[in-house]
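# Provide a 3D model corresponding to the input given below.
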Amino acid sequence: MKHLLFISLLFISCLPLRAQMPVSKEPRHKVVFENSKVRVLNVTLPPGDTTFYHIHSTPSAFIFFTRTNTASQLINQQPTSGYSVAGNIFFEDLYTHKRIHRVWNIDTATFHVMDVEILNKDSGFISNAVTGKGVNLLFTQPTVRGYKLELDESTGVILPGNTSSFLLVALHSSLIKFAHGNKVENRQLNEGGFIWISPTEKANISNANKDSASFALLELK
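Below is the predicted model of the structure:
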């Protein structure tokens, strides 16, 4: 009986090491879109749930949708905890260092974050950064620029065509007017909803809500 207990404890202690996997294979990280430029992973973690240990090894933009109390643990280190910040958008260069960790939700509400892995190898932007009312440039990297859009009612932004692709992500439920090519259409985007805009399309995005609307915008050469 003692022998069986020892084997069980040994198995449990080794489980985190055995359970390491690429982030795209971790069950709570759902691949919702992928092309040659990006891999979009949508992550929802209910209260009390925990991810497996997983490996981040690709440069990524992280987009947070909720203010949730979570804890995380880097492999072979002590856990830390804190609140995520809804609307926070940042870039992490995970080529220079891998991050192996697990995350668990210690709140009473679901944790929601999006991990956009930057697969794009083209670097060096030809065009200037997007500008306009409510457009905030957050970071510039050789392969990606990141913006936060805060659009008042009927306020819009023009995205140039020909040189860049764009990923637009709604930070909360929003109605937009999306003009691209010869089409003009209204699009309802829920929290975490997104639109991929190819480099051949010149696009105009405007807020069709009465209230202000917030978006993350990633630009890729």
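# Could you chop this protein up by domain?
20-118, 135-220 (automatic domain parsing).
# Where among those is average confidence lowest?
Mean pLDDT across the domains of the chain is lowest at domain 135-220; the value there is a mean of 92.
# Endpoints of it, how far apart?
End-to-end span of domain 135-220 (C-alpha to C-alpha, to the nearest Å): 16 Å.
# Distance from the chain centre to it, please.
15 Å (C-alpha atoms, centre = their mean, to the nearest Å).
# And stretch 30-45, by the same measure?
8 Å.
# Pull out the buried positions in that stretch.
By neighbour count with 16 or more other C-beta atoms under 10 Å, stretch 30-45 contains the buried residues K37, V38, R39, V40, L41, N42, V43, T44, L45. (Glycine included, C-beta is placed from N, CA and C.)
# wait, which of those residues is closest to K121?
Minimum distance to K121 across the buried residues of stretch 30-45 is 9.2 Å, recorded for K37 (C-beta to C-beta).
# which residues touch the closest one?
Applying C-beta atoms under 8 Å, 6 or more residues apart in numbering, one finds that K37 lies in contact with I118, L119, N120, S165, L220.
# Got a PyMOL select line for the buried ones in the residues you listed?
This is the PyMOL syntax for the buried subset of the contacts of K37, where burial follows 16+ other C-beta under 10 Å:
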select buried, resi 118+120+165+220
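# what would the contacts of K37 look like in TSV with secondary structure and distance to F90?
TSV is the format used below for the contacts of K37 (DSSP: H, G, I helix; E, B strand; the rest coil; distance: C-beta to C-beta, whole Å):
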residue	secondary structure	distance to F90
I118	strand	13
L119	coil	18
N120	coil	18
S165	strand	20
L220	strand	17
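# All good on my end, thank you.
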